[in-house]
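*Asks:* just coords:
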């Protein structure tokens, strides 16, 4: 009987060792798979086409915020989110440039595979021609989301190059109303698009001394935010601070 007991104990111990070994092996395999997936996802970025830098004789700067070097940002690429990447936005080519970990190479992300990116405190989204709703008049490209609510305010930024010099930034502004993007370039044209609250908006602009010419984009942010609140509040008092950016 004693021998049987010893045999049972040894058998149980052997089974436990096998189970522990299998668990350890499965864990190692899981880690390998996770590592492979992670590396595979990043390789999606790293395998992008090489970025050809501009000739140093060209005057001016092609990049968003006149960046002279890469800055930390986030990018959504092929539906995957990548954080803390070294990015620049080339406004002449309309492309996102990424520095590789070796800091010696740069790649140009394929634009139609980039859903969005964040850089220098700004959030850019990709708008494709085929995804636009009826009534929109907006070219495909990256747009800086300045305000997003019931109404949306976005800006397309670009820099041209002529005679070996990059131009100053050209900004095209759009608001999205009732599912369609509409362009505007002045306070008057913006109020025409928001005509169902034109009187309220005019009063708000006057009372808060909003100067459209001094800082167009921040003025639009305030006006559109007030417009959205007026739609929600109806005839109730509106509580929007014009000084809040």
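*Replies:* That came in fine, so what should we check first? Because the structure is a prediction, the values reported are computed rather than measured.

*Asks:* ok but residue 204 is inside a helix, no?
*Replies:* Yes. Judged by DSSP: H, G, I helix; E, B strand; the rest coil, residue 204 forms part of a helix.

*Asks:* Which residue, neighbours along the chain excluded, lies closest to residue 146?
*Replies:* residue 153 (4.8 Å; Cβ to Cβ, 6 or more residues apart in numbering). Just so you know, the C-beta spots here come from the backbone N, C-alpha and C atoms, and that holds for glycine as well.

*Asks:* The one you found - how many residues pack around it?
*Replies:* 24 (other Cβ atoms under 10 Å).

*Asks:* where's it relative to residue 177, distance?
*Replies:* 10 Å (Cβ to Cβ, to the nearest Å).

*Asks:* Give the full set of residues in contact with the residue nearest to residue 146.
*Replies:* 145-147, 173-176, 220-221, 224 (Cβ atoms under 8 Å, 6 or more residues apart in numbering).

*Asks:* in what helix or strand does residue 102 lie?
*Replies:* Secondary structure assignment for residue 102, by DSSP states H and E: no helix or strand.

*Asks:* Please state the backbone phi and psi of it?
*Replies:* phi -70, psi -10 (degrees, to the nearest 10).

*Asks:* Look up how far residue 192 lies from it.
*Replies:* For residue 102 relative to residue 192 (Cβ to Cβ), the value is 52 Å.

*Asks:* and those two? which has more neighbours close in?
*Replies:* residue 192 (12 against 6).

*Asks:* Once you drop chain neighbours, what's closest to residue 99?
*Replies:* Among residues not flanking residue 99 along the chain, residue 86 sits closest, at 3.9 Å (Cβ to Cβ, 6+ apart).

*Asks:* just for this structure, where's the confidence low?
*Replies:* 1-41, 129-137, 234-245 (pLDDT under 70).
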